[in-house]
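[1] Could you look at this predicted model? Sequence included:
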Amino acid sequence: MPDRRALLHQTADLAADYLDSLEGRPVGATATRDELLEAFGGPMPVRGEAAGEIVDHLGRAADPGIVASAGPRYFGFVIGGSLPSAVAADWLTTAWDQNGFAYVMSPAGSVIEEVTAGWLLDAFGLPGDASVGFASGATMATFTGLAAGRHRVLQRAGWDVEADGLIGAPEIAVVLGAEAHATVYASLQMVGLGSRRVLKVEADDQGRMRPDRLRDVLAGVAERPVIVAAQSGNVNTGAFDPLPEIVAAVRELPNAWLHVDGAFGLWAAASPSQRHLIAGLDGADSWTTDAHKWLNVPYDCGIVAVADPEAHLAAMSFGAAYYVTSGAAVREPGNWVAESSRRSRAFTVYAALRELGRDGLADLVDRCCALARRMADGLRDAPGVTILNDVVLNQVLVRFAPPSGAAPEAEADDFTRRVIAAVQADGTCWLGGTTWHGKAAMRISVSNWSTTEQDADVSVAAIRRCAAAVAADWAPAASPAAV
């Protein structure tokens, strides 16, 4: 029997050493796939190994393949770090090893969800009687919200989708903005509504759904069951669909459901200075966000809220002869998400909200938005740089033109991608690329609780330095016609 206390202390030391190294280590991974395969690989051991040796091996073998996404200069995708209390709560959650499916399996896991759900609804300004589920991420949270919507619009049309499926059901019209996130399409596939049948609404130059075009689309499907998905926080620009106008248009239909994808943008509701961006939010029927983005809890935790708990429950709940329920007054966590075997995710969310408090949560959002503007301003006057978006939240889109000046768009695409690759290789910070309206762009997302002005300035300097180095060695790729 291993000395468990010594093992956990050993593990805590390794974790603390890693977290202490975040300021100075390269942000990107330094090992290749082949090097990691060599470090981890080989045949499965015939005999078991000592737990302490395994932990030591994992720490050494994994380290060069670990991306410092927990650190203050990781600006890729929309990935937050982890608040200290949330890390500690995650360790406790692992030690407790609760299956967060039913009250009888973990009374503490059930009650912590109940309390945390109320805090979240209050922070977002959503109806206090809405139901809440804690899922693996925004994809499964969106799946849940859309499943609740599917239930309600088909129930109004006289169809029981949970019992009878979709074959022969009234056809649901699904309406999305042209810039809807890919995870909404993935959720539509899983909920059986398909991605190819979506009716797309034209967006403006910042990716916001146009309400006038939405009305045009809805006019053609007004007699059908309708599900509309809007967006709060465009993944490229951070822009928000105009919810007051969208809510008004959807509410004119006799049988419609409005879902809001707020994977990171929903947290703007927690800040008095950003809350105007999310006006009209409480008029929707369901909402999704991620706690592992801007709330800075460890992966993974997505959140779904539904204004119609009855539809939410009908879409997600099921039973079996051996399931033990604890009465109507008790929260059964598994009734609100798709997973039965599931981690008790609310412990980390509860810890993060207690560590931040209402004021700290607002400050976290405001600070990241200010740092995004700071980085955009620091890059704006660099040679060949264009900031492509209005920096309204925590997202910045940057395009780089080659030193040849008025180069063809394909050359600017190539040059921008080379700058991104150079920044990633440099290691000072890490950020990704995207394609925005047909143009290659660098995408900066500021989401980490520990990022400071100094981190932003050091990163801007590294980006400018890498862009200058790429420009000095610039030679456009040969076009196919010239080969």
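    Yep, that arrived.
[2] Which residue ranges of the stretch 151-300 of the chain form helices?
    161-164, 182-190, 211-219, 243-251 (DSSP state H, counting those that start in this stretch).
[3] As CSV, these with mean neighbour count, mean pLDDT and distance to Ser286 would be great.
    Where C-beta positions appear, they are placed from N, C-alpha and C, glycine not excepted. Compiled in CSV, the helices of the stretch 151-300 of the chain are given as follows (neighbours: other C-beta atoms under 10 Å; pLDDT from 0 to 100; distance: least, C-beta to C-beta, whole Å):
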stretch, mean neighbour count, mean pLDDT, distance to Ser286
helix 161-164, 14, 96, 16
helix 182-190, 19, 97, 11
helix 211-219, 16, 98, 18
helix 243-251, 19, 98, 12
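[4] Quick one, which of the ones you listed gets closest to Gly59.
    helix 182-190 (32.7 Å; C-beta to C-beta).
[5] C-alpha coordinates for the closest one, PDB please?
    In PDB, the C-alpha atoms belonging to helix 182-190 read as follows (Å, rounded to 0.1, in the frame of the first residue of the first chain):
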ATOM      1  CA  ALA A 182     -19.200  25.700 -35.100                       C
ATOM      2  CA  THR A 183     -20.200  24.100 -31.800                       C
ATOM      3  CA  VAL A 184     -23.800  25.200 -32.500                       C
ATOM      4  CA  TYR A 185     -23.700  23.200 -35.700                       C
ATOM      5  CA  ALA A 186     -22.200  20.300 -33.800                       C
ATOM      6  CA  SER A 187     -25.000  20.500 -31.300                       C
ATOM      7  CA  LEU A 188     -27.700  20.600 -34.100                       C
ATOM      8  CA  GLN A 189     -26.200  17.400 -35.500                       C
ATOM      9  CA  MET A 190     -26.400  15.600 -32.200                       C
END
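[6] circling back to that earlier point, any chance of the helices of the stretch 151-300 of the chain in TSV with distance to Pro127 as columns?
    Output for the helices of the stretch 151-300 of the chain, formatted as TSV (distance: least, C-beta to C-beta, whole Å):
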stretch	distance to Pro127
helix 161-164	24
helix 182-190	22
helix 211-219	23
helix 243-251	14
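[7] Okay, now the unreliable bits of this protein?
    Scanning the chain for pLDDT under 70 picks out 1-2, 319-327, 405, 477-483.
[8] mind checking the longest helix of it?
    helix 346-380 (DSSP state H).
[9] Could you list every helix and strand in contact with the next helix or strand after that one?
    Downstream of helix 346-380, the next assigned helix or strand under DSSP states H and E is strand 385-387. If contacts are counted by 3 or more C-beta pairs under 8 Å, 6 or more residues apart in numbering; DSSP states H and E, strand 385-387 sits against helix 346-380, strand 395-400.
[10] Break this structure into its domains for me.
    Domain ranges of the chain: 4-68, 88-352, per automatic domain parsing.
[11] Pipe those domains into a markdown table and attach distance to Asp473 per row.
    Formatted as a markdown table, those follow (distance: least, C-beta to C-beta, whole Å):
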| stretch | distance to Asp473 |
| --- | --- |
| domain 4-68 | 21 |
| domain 88-352 | 28 |
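[12] re the thing from before, dump the helices and strands packed on strand 385-387 into CSV; add distance to Ala15 and mean neighbour count as well.
    Converted to CSV, those look like this (distance: least, C-beta to C-beta, whole Å; neighbours: other C-beta atoms under 10 Å):
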stretch, distance to Ala15, mean neighbour count
helix 346-380, 15, 20
strand 395-400, 30, 25
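[13] Any idea which of the ones you listed gets closest to Ala284?
    Here helix 346-380 is closest among those (C-beta to C-beta), at 20.0 Å.
[14] other SSEs contacting the closest one?
    Packed against helix 346-380 by the contact rule (3+ C-beta pairs under 8 Å, 6+ apart) you find helix 84-96, helix 107-124, strand 385-387, strand 395-400, strand 439-445, helix 453-472.
[15] Would you mind pulling the contact partners of the shortest one?
    Strand 385-387 has contacts (C-beta atoms under 8 Å, 6 or more residues apart in numbering) with Ala376, Leu379, Arg380, Val396, Leu397, Val398, Arg399, Phe400, Ala401, Ala467.
[16] Likewise for the longest one?
    Counting by C-beta under 8 Å, 6+ apart, helix 453-472 makes contact with 72-73, 75, 371, 374-375, 378-379, 382-385, 398, 400, 402-403, 415, 418-419, 422-423, 426, 428-429, 442, 446, all of which sit outside it.
[17] Return the most buried member of the helices and strands packed on helix 346-380.
    strand 395-400 (a mean of 25; mean count of other C-beta atoms under 10 Å).
[18] now that one against strand 439-445, angle please.
    With axes from the mean of the first three to the mean of the last three C-alpha atoms, to 10 degrees defining the directions, strand 395-400 sits at 140 degrees from strand 439-445.
[19] Toward the C-terminus, what is the element adjacent to strand 395-400?
    In N-to-C order, the element after strand 395-400 by DSSP H and E is helix 409-426.
[20] List the buried residues in that following helix.
    Within helix 409-426, the residues scored as buried using 16 or more other C-beta atoms under 10 Å are 411-420, 422-424, 426.
[21] What residues of the helix or strand following it count as buried?
    With elements assigned by DSSP H and E, the helix or strand that comes after helix 409-426 is strand 432-436. For strand 432-436, a neighbour-count test (16+ other C-beta under 10 Å) marks Gly433, Thr434, Trp436 as buried.
[22] and stretch 149-163, how far from the chain's centre?
    Stretch 149-163 sits 29 Å away from the centroid of its parent chain (C-alpha atoms, centre = their mean, to the nearest Å).
[23] Then stretch 224-240?
    In terms of C-alpha atoms, centre = their mean, the gap separating the centre of stretch 224-240 from the centre of its chain is 14 Å.
[24] And it, end to end?
    27 Å (C-alpha to C-alpha, to the nearest Å).
[25] which residues sit in contact with Pro45?
    By C-beta under 8 Å, 6+ apart, the contact list for Pro45 is empty.
[26] Looking at the buried residues of helix 409-426, which one is closest to Asp285?
    Of all these, Ile420 has the smallest distance to Asp285: 38.6 Å, by C-beta to C-beta.
[27] List the residues that contact that closest one.
    Residues counted as contacts of Ile420 (C-beta under 8 Å, 6+ apart) are Leu431, Gly432, Gly433, Met442.
[28] same question, Leu83
    Asn296, Val297, Ala351, Ala352, Glu355, Leu356, Trp449.
[29] Now do the contacts for the fourth one.
    Spelled out, it's Ala352. So Ala352 contacts Leu83, Ser85, Ala86, Ala89, Ala291, Leu295, Asn296, Val297 (C-beta under 8 Å, 6+ apart).
[30] Could you verify my assumption that Val115 touches Ala351?
    No - at 11.9 Å, Val115 and Ala351 do not qualify as touching, with contact defined as C-beta atoms under 8 Å.
[31] residues making contact with stretch 89-96?
    Contacts for stretch 89-96 (C-beta under 8 Å, 6+ apart): 82, 106, 108, 297-298, 343-345, 347-348, 350-352.
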